[in-house]
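Chemist: Pasting a predicted model and its sequence here:
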Amino acid sequence: MTEPLIEFKDVTKSFDGNVVLDGINLKIYEGEVTTIIGLSGAGKSVLLKHIIGLLTADSGTIYYRGTPVSQMTRQEIKDALAKMSYMFQSNALFDSLTVYENIALPLQEKTNLGKDEIHRKVMARIEQAELAAEIDKFPSELSGGMQKRAALARALVTDPQIVLFDEPTTGQDPVRKNAILGMIAQYQRKFGFTAILVSHEIPDVYFISNRVLALYDKKIVFQGTPEELENFDHPFNDEVISSLEAFQKELTGLYSLRQFKMLNSAQLKRKKSHEPYSIVVFTLEDVNSITAHLGHDAVHEAIRRMCLYVDKHFGILGGLSTRFNTSEIVTMLPHSDITETRSILDEFVKDFKGQGISDLRNWTGVRRLVAMSGPVTFTIAAGIAEGQAVTKVETVIGAARENKKAIWTATMSRQGVNI
């Protein structure tokens, strides 16, 4: 087993006799996205501040690369902390500094880089965070989402090896929440840093995290993959996992992945072994290209609209739908064979070619971005497969993916929308 990058053993912390962390044990591995989830006030931010060195444990041991922090020299601790960056819950942008100046500040304070090199690094992060139009603005002139982007760009400007995110989506609407999480995941893959997130809103852990840690009743009660979390049998589920399900429903009108699997299993148990069901897999194609041209917000808005049409046509007939990953929606029709499902899909396509195009034409935010970046093509692909009650849903999903083909394509340019 790989040695943990950071490990807590029996870590306890109290404030004025009030125990916040009680014998915490956890492991965080290098190069992964680890999400710490729990209810508001559970102590997640306190835990995070122990990692960055802002707080000291009352008892227990914190290890960094296998060495107890208490046994490290002052210089070793300083070197370790220099490789970390922290994105505060409140963004902590300085009101008197512009976006450019806020992002440049860590380089000016913590490095010996020259003015030209600092400018190059700052502009690179500004471009990546799509903040070029906001470069000379002050934080008070930015939307909440733009402030988050500026804070993220500042956190990454020093090329840190570890980035800690304290409630990165707090106060954001559902689409913006997913856009921020998508941006974090993309940057983590691109730059390879270790990401540690905390949230009481239960972020989209199924799509961005390698490992999940559950903080409940002052202890870490779960450590494992998002898939293992689905089968975690603990009171924590009743109080916290429901928040994830509410978040997913709010975002897309669809079920969470956990709900989807539970409901599918219940449906199949009620059916006779030879009775059919159908699976449809929808995908927004070329997501990376759309992101490169229009940014994360456009991708998530396009997926949100696609989700609404899927729910409109398939949900009314008992279809169970969920997002399997960033750009893929899977729908199960427990009472429909493949012939009926094809008919429903045909109606979905007709509606999307009609009303969907109208939505796209009226999408002013994308029109503005297209005017700056040039033509962008949106393509939706879909595949259908049929199974029987004895067939595993995963097998039918795989078959549907193999049958996938484009069902709708539209190119948006400065002149309008072409199908």
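Modeler: Good, I have the coordinates. Numbers count the residues shown, from 1 in each chain.

Chemist: what's the residue closest to the geometric middle of the protein?
Modeler: Geometric centre of the chain, nearest residue: L181, 3.4 Å, by C-alpha atoms, centre = their mean.

Chemist: how much space between it and S209?
Modeler: According to C-beta to C-beta, to the nearest Å, L181 stands 9 Å off from S209. All C-beta atoms are positioned from the backbone trio N, CA, C, and that covers glycine.

Chemist: which element is the residue nearest to the centre of the chain on?
Modeler: Assigned by DSSP states H and E, L181 falls within helix 174-191.

Chemist: Looking at that helix now, give me its mean pLDDT.
Modeler: If you average the pLDDT over helix 174-191, you get 74.

Chemist: Could you look up the next helix or strand downstream of that helix?
Modeler: Next in sequence after helix 174-191, counting helices and strands by DSSP H and E, comes strand 194-199.

Chemist: Could you list every helix and strand in contact with that next one?
Modeler: strand 33-37, helix 44-52, strand 162-166, helix 174-191 (3 or more C-beta pairs under 8 Å, 6 or more residues apart in numbering; DSSP states H and E).

Chemist: 10 Å - rerun?
Modeler: The contact analysis (3 or more C-beta pairs under 10 Å, 6 or more residues apart in numbering; DSSP states H and E) places strand 194-199 against strand 18-28, strand 33-37, helix 44-52, strand 84-87, strand 162-166, helix 174-191, helix 205-208, strand 211-216.

Chemist: The second one pairs with which strands, parallel or anti?
Modeler: This means strand 33-37. strand 194-199 (parallel), strand 211-216 (parallel) (DSSP bridges).

Chemist: and the residue nearest to L215 when sequence neighbours are not counted, how many neighbours?
Modeler: Excluding the flanking residues, the one nearest L215 by C-beta to C-beta, 6 or more residues apart in numbering is G38, at 3.7 Å. When neighbours are defined as other C-beta atoms under 10 Å, G38 has 25 of them.

Chemist: The top strand by length along the chain - what's its average pLDDT?
Modeler: Longest strand of the chain, by residue count under DSSP state E: strand 376-388. Throughout strand 376-388, pLDDT has a mean value of 90.

Chemist: now swap in stretch 70-78 and tell me
Modeler: Stretch 70-78 comes out at a mean pLDDT of 90.

Chemist: ok, and for it, which residues are buried?
Modeler: Neighbour-count burial for stretch 70-78, counted by 16 or more other C-beta atoms under 10 Å, picks out M72.

Chemist: Name the residues linked to V376 by a beta bridge.
Modeler: Residues in a beta bridge with V376, per DSSP bridges, are M412.

Chemist: To what extent is it buried, counted in neighbours?
Modeler: Neighbours of V376 under the rule other C-beta under 10 Å: 19.

Chemist: That one touches A292, doesn't it?
Modeler: Yes: with contacts counted by C-beta atoms under 10 Å, V376 reaches A292, the gap being 9.5 Å.

Chemist: what is in contact with these two at once?
Modeler: Common contacts of V376 and A292 (C-beta atoms under 10 Å, 6 or more residues apart in numbering): D286.

Chemist: circling back to that earlier point, any chance of the strands paired with strand 33-37 in a markdown table, plus mean pLDDT and mean neighbour count?
Modeler: Below are these laid out as a markdown table (pLDDT from 0 to 100; neighbours: other C-beta atoms under 10 Å):
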| stretch | mean pLDDT | mean neighbour count |
| --- | --- | --- |
| strand 194-199 | 89 | 25 |
| strand 211-216 | 89 | 23 |
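
Chemist: how about JSON lines for the ones you listed, with distance to L345 added?
Modeler: Below are the strands paired with strand 33-37 laid out as JSON lines (distance: least, C-beta to C-beta, whole Å):
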{"stretch": "strand 194-199", "distance to L345": "36"}
{"stretch": "strand 211-216", "distance to L345": "34"}
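
Chemist: Minimum distance to G43: which of those strands has it?
Modeler: Shortest distance between G43 and these, using C-beta to C-beta, is found for strand 211-216: 6.2 Å.

Chemist: Name every strand pairing with the helix or strand following that closest one and say which way it goes.
Modeler: Per DSSP H and E, the first helix or strand lying C-terminal to strand 211-216 is strand 219-224. Strand 219-224 sits in its sheet next to strand 211-216 (antiparallel), going by DSSP bridges.

Chemist: Could I get the CA-only coordinates of the partner strand as CSV?
Modeler: Extracted in CSV, the C-alpha atoms of strand 211-216 (Å, rounded to 0.1, in the frame of the first residue of the first chain):
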residue,chain,number,x,y,z
ARG,A,211,-11.6,9.2,-1.9
VAL,A,212,-14.3,10.4,0.5
LEU,A,213,-13.9,10.9,4.3
ALA,A,214,-17.0,11.2,6.4
LEU,A,215,-16.8,13.3,9.6
TYR,A,216,-19.7,12.5,12.0
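
Chemist: That strand versus helix 44-52: what angle between them?
Modeler: Here strand 211-216 runs at an angle of 130 degrees relative to helix 44-52 (axes from the mean of the first three to the mean of the last three C-alpha atoms, to 10 degrees).

Chemist: how about A124, what does it touch?
Modeler: A153, L156, V157.

Chemist: ok, back up a step: the residue nearest to L215 is in contact with L48, isn't it?
Modeler: No: when contacts are counted by C-beta under 10 Å, G38 is not listed as touching L48 (11.6 Å).

Chemist: Mutual contacts of the two, please.
Modeler: V198.

Chemist: what's the angle between whatever helix or strand K312 lives in and strand 376-388?
Modeler: Here K312, judged by DSSP H and E, is contained in helix 296-314. Relative orientation of helix 296-314 versus strand 376-388 (the same axes, to 10 degrees): 40 degrees.

Chemist: Of all the residues in helix 296-314, which ones are buried?
Modeler: Buried positions in helix 296-314, judged by neighbour count with 16+ other C-beta under 10 Å: 296-303, 305-311, 313-314.

Chemist: next one: stretch 279-294
Modeler: For stretch 279-294, the neighbour count (16+ other C-beta under 10 Å) marks I279, V280, V281, F282, T283, L284, V287, I290, T291, H293, L294 as buried.

Chemist: Out of these, which sit inside helices?
Modeler: V287, I290, T291, H293, L294 (DSSP state H).

Chemist: how about these in a markdown table, adding pLDDT and distance to A195?
Modeler: Converted to a markdown table, those look like this (pLDDT from 0 to 100; distance: C-beta to C-beta, whole Å):
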| residue | pLDDT | distance to A195 |
| --- | --- | --- |
| V287 | 84 | 20 |
| I290 | 80 | 23 |
| T291 | 77 | 18 |
| H293 | 74 | 25 |
| L294 | 73 | 24 |
